[in-house]
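Novice: Predicted coordinates and the sequence they were generated for:
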Amino acid sequence: MSIAEGTTGAPREEDVQRLKPNQLGIVTILFMVIAFSAPITAMTGNVPVAVGYGNGWAAPAGFIIATIVLSVFAVGYTVMARYITSASPFYGYIAHGISKPVGMAAGLLVMCGYMVIEAALVGIFAAFAKITFADQLGIDLPWHVYAAFMLVLIAALAYFEINFAARVLAVMLVLELSILFVMSFAVLFSGGGPDGIPLEAISPVNAFQGNGVASAAVGLGLFMAFWSWIGFEATAVYGEESRNPRRVIPIATFVAVVGIGAMYTFFSWMAISGNGLSQSVAISAGDDPFQLFFGPTREHLGAWGIDVFQWLLLTGSFACGFAVHNTASRYLYTLGREGFIHRALGRTQAKHGSPHIASFAQTGVAATIVFLFAVFDEDPYLSLFVLGAIFATMSILIVQTLSSFAVIGYFHVHKRHPENHHILQTLVAPLVGGLAMIAVVYLLIDNLDAAAGAASETLVFDLIPWIVVGIFVFGFLAALWLRSARPEAYERIAWIIYRDTAERDAPQAEETRAVAAVGEMGAGPARPGGP
């Protein structure tokens, strides 16, 4: 295989171990990305916060707003995916669209975000498991036992080829979606609760109002909607392992954004319809906010529905953690194969083509974070999950914002592929999407205390913004140091960029191999750009 954008300082092509290509199609990528978004966890965990303290019974309308904003963001994101296909897309997009120092800083920040959020999901899985096993089986074990089980099982499953992971996630995703669909259609076909099926709950205008919440923080409600989407951008992470990435990744991204948005809107709307408008606000702000979904489930399906719901909260949080693990390990793998961290992390398993060493390293990082919270006897949900999720969300949203402006930089500042410029796709949409993402970051910062709840009183919470800034600055300064002290290493930043035509089409592949060979002989860097 060939290097589409090479440099004279890059490692020789034969020294780089590739992820196994041509494994994933649109459906399998969708399963993995939707599992990353964890619909059942997003609904039961995030929607009650939005309803009880944010925009009230119009929380479903918040999902419609989020769908529109993220669809605009996805326009520029998917255009970049046609030209830069990498296991760490944000890193590649920003390095080529803005600058290598900013790309290195963004890549390091988003990698840390994904690495931490796996530990956070281990925390919520452990919390759900402790309650479920105690309530339904009479088994009362420390949460650390369930956390260790999840870490070990994910490490074992991730060793195999990505198709195996996709099959596991597909089964778990179908199960968790099934209970949400059954509950929702039961409410719909029964005509709803005290207020019927209220259309005002999905009116976008109402998303910006309190709607029954006494001390409403409307921004919190909107932020919780965006928070529920974290992970949809992982479609591009699997570009190197997909079939025809220039076609598959854009389609998968748009289907993921719109599909997740439609499901979130429908599920939350039916939960509110089943309880009634004012009753939904009261339940969500009460002592047991899970009843926003458990109540309609119990009413229409019986007690067995609640039992199933509890078990599927377990499988859903596990699936989400597994999907996050795959993403984090691929970012580690990318920086390892380029030599910025130990090169062993850039190796792939001979038979399965998985980044197995990076995967084990990611397990070690997640286990260390979980261990530290366990040593200090912190709550796995209120502390580990909430704090980890806030750090990861802040990191990912900042990098998403930068990636929007990277599209403009790539096509209109660096003048790449002028023959394929489209004013709406490469300028207007990325600009609007970037400005909208800035607004989302503001919503996060403005509602940080409310989103963290009791965890906002901790030292770790106070340090999160400083840690985010510190990681970004460190990555930026490290790239500048490389530029002056080790220019050959600086040239390797985001150097392994694949082009679909170079990888999958023989005539183009021969041409690019010849160009890369010239660069390796010292005649200069390979010709930049895509097809």
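Specialist: Cool, got the structure.
Novice: all helices of the stretch 1-150 of the chain, in order?
Specialist: In the stretch 1-150 of the chain, helices defined by DSSP state H, counting those that start in this stretch lie at 26-37, 39-53, 59-81, 89-97, 100-137, 143-157, listed in chain order.
Novice: repeat for the stretch 251-400 of the chain
Specialist: According to DSSP H, counting those that start in this stretch, the helices that the stretch 251-400 of the chain contains are 277-284, 291-301, 303-337, 356-375, 386-408.
Novice: What's the first helix or strand after the last one?
Specialist: Using DSSP states H and E, the helix or strand that directly follows helix 386-408 along the chain is helix 423.
Novice: The residue most central in space within the chain and residue 154: what is the separation?
Specialist: By CA atoms, centre = their mean, the chain has its centre lying nearest to residue 231, at 1.8 Å. Plainly put, residue 231 is 16 Å away from residue 154 if you go by CB to CB, to the nearest Å. Any C-beta I mention is one placed from the backbone N, CA and C, and that applies to glycine too.
Novice: same deal with residue 283?
Specialist: Between residue 283 and residue 154 the distance, using CB to CB, works out to 34 Å.
Novice: so where's this protein uncertain?
Specialist: Segments of the chain classed as low confidence (criterion: pLDDT under 70) are 1-18, 496-531.
Novice: what about residue 296, neighbour count?
Specialist: For residue 296, the count of nearby residues is 25 (other CB atoms under 10 Å).
Novice: my read: it touches residue 269, true?
Specialist: No - using CB atoms under 8 Å, residue 296 and residue 269 do not qualify as a contacting pair, with a distance of 11.5 Å.
Novice: And whichever strand or helix holds residue 473, what does it pack against?
Specialist: With secondary structure defined by DSSP H and E, residue 473 is part of helix 459-485. Packing partners of helix 459-485 (3 or more CB pairs under 8 Å, 6 or more residues apart in numbering; DSSP states H and E): helix 100-137, helix 386-408, helix 487-490.
Novice: Reformat these into JSON lines and put distance to residue 85 next to each item.
Specialist: Conversion of the helices and strands packed on helix 459-485 to JSON lines gives the following (distance: least, CB to CB, whole Å):
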{"stretch": "helix 100-137", "distance to residue 85": "15"}
{"stretch": "helix 386-408", "distance to residue 85": "15"}
{"stretch": "helix 487-490", "distance to residue 85": "22"}
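Novice: Can you add mean neighbour count and distance to residue 31 and give these back as JSON lines?
Specialist: Written out in JSON lines, the entries for the helices and strands packed on helix 459-485 read as follows (neighbours: other CB atoms under 10 Å; distance: least, CB to CB, whole Å):
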{"stretch": "helix 100-137", "mean neighbour count": "24", "distance to residue 31": "17"}
{"stretch": "helix 386-408", "mean neighbour count": "24", "distance to residue 31": "21"}
{"stretch": "helix 487-490", "mean neighbour count": "15", "distance to residue 31": "37"}
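Novice: thinking again about what came up before, check the spacing between the residue nearest to the centre of the chain and residue 88 real quick.
Specialist: The span separating residue 231 from residue 88 equals 15 Å under the rule CB to CB.
Novice: cool, residue 488 as well?
Specialist: In this structure, residue 488 and residue 88 are separated by 21 Å, where distance is defined by CB to CB.
Novice: re earlier: what's around the closest residue in space to the residue nearest to the centre of the chain that isn't next to it in sequence, how many residues?
Specialist: Leaving aside its sequence neighbours, residue 231 sits nearest to residue 36 (CB to CB, 6 or more residues apart in numbering; 3.2 Å). The tally of other residues near residue 36 (other CB under 10 Å) stands at 30.
Novice: Make sure residue 36 is actually in contact with residue 235.
Specialist: No - in terms of CB under 8 Å, residue 36 does not count as a neighbour of residue 235; the distance is 9.6 Å.
Novice: hang on, the earlier thing: can you redo the helices of the stretch 1-150 of the chain as CSV with distance to residue 189?
Specialist: Supplementary listing: those in CSV, determined by distance: least, CB to CB, whole Å:
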stretch, distance to residue 189
helix 26-37, 25
helix 39-53, 19
helix 59-81, 18
helix 89-97, 41
helix 100-137, 28
helix 143-157, 36
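Novice: Quick one: closest of these to residue 209.
Specialist: With distances scored as CB to CB, the stretch of those nearest to residue 209 is helix 59-81 (9.4 Å).
Novice: That closest one vs helix 89-97, what angle?
Specialist: If you take axes from the mean of the first three to the mean of the last three CA atoms, to 10 degrees, helix 59-81 sits at 50 degrees to helix 89-97.
Novice: tell me the phi and psi of residue 231?
Specialist: Backbone torsions of residue 231, given as degrees, to the nearest 10, read phi 120, psi -20.
Novice: From residue 94, how far off is residue 246?
Specialist: Distance from residue 246 to residue 94, counting by CB to CB: 20 Å.
Novice: So the two - more neighbours on which side?
Specialist: Comparing residue 246 with residue 94 by neighbour count (other CB under 10 Å), the higher total belongs to residue 94, at 29 against 21.
Novice: for the more buried one, what are its contacts?
Specialist: With contact taken as CB atoms under 8 Å, 6 or more residues apart in numbering, residue 94 is in contact with 102-103, 106-107, 399, 402-403, 406.
Novice: Check those and tell me the two furthest apart.
Specialist: 107 and 406 (11.8 Å).
Novice: So which other helices or strands are in contact with the host helix or strand of residue 221?
Specialist: With elements delineated by DSSP H and E, residue 221 resides in helix 218-227, which encompasses its position. If you count contacts as 3+ CB pairs under 8 Å, 6+ apart, helix 218-227 packs onto helix 39-53, helix 59-81, helix 386-408, helix 429-446, helix 448-452.
Novice: Report the angle between it and helix 429-446.
Specialist: With the same axes, to 10 degrees defining the directions, helix 218-227 sits at 120 degrees from helix 429-446.
Novice: I'd like the distance from helix 218-227 to the chain centre, please.
Specialist: Counting by CA atoms, centre = their mean, to the nearest Å, helix 218-227 is centred 16 Å from the centre of its parent chain.
Novice: Same question for stretch 266-273.
Specialist: For stretch 266-273 - counting by CA atoms, centre = their mean - the centre lies 24 Å from the chain centre.
Novice: what's the answer for stretch 472-491, then?
Specialist: Averaged C-alpha coordinates place stretch 472-491 at 27 Å from its chain's average position (CA atoms, centre = their mean).
Novice: that older thread, how about the helix holding residue 473: buried residues?
Specialist: Across helix 459-485, burial judged by 16 or more other CB atoms under 10 Å covers 460-461, 464, 467-468, 471-472, 475-476, 478-479, 482.
Novice: Widest-spaced pair of those?
Specialist: The most widely separated members of those are 461 and 482, with 33.1 Å between them, by CB to CB.
Novice: Tell me both backbone torsions, phi and psi, for residue 196.
Specialist: According to degrees, to the nearest 10, the main-chain angles of residue 196 amount to phi 70, psi -140.
Novice: ok, it - contacts?
Specialist: residue 273.
Novice: For it, give the beta-bridge partners.
Specialist: Beta-bridge pairing for residue 196 (DSSP bridges): residue 193.
Novice: Distance of it relative to residue 190?
Specialist: From residue 196 over to residue 190 (counting by CB to CB), the distance is 10 Å.
Novice: again, but for residue 59
Specialist: From residue 59 across to residue 190, the span is 21 Å (CB to CB).
Novice: for residue 466, same thing?
Specialist: The value you get for residue 466 to residue 190, if CB to CB is used, is 51 Å.
Novice: Alright, calling it a day.
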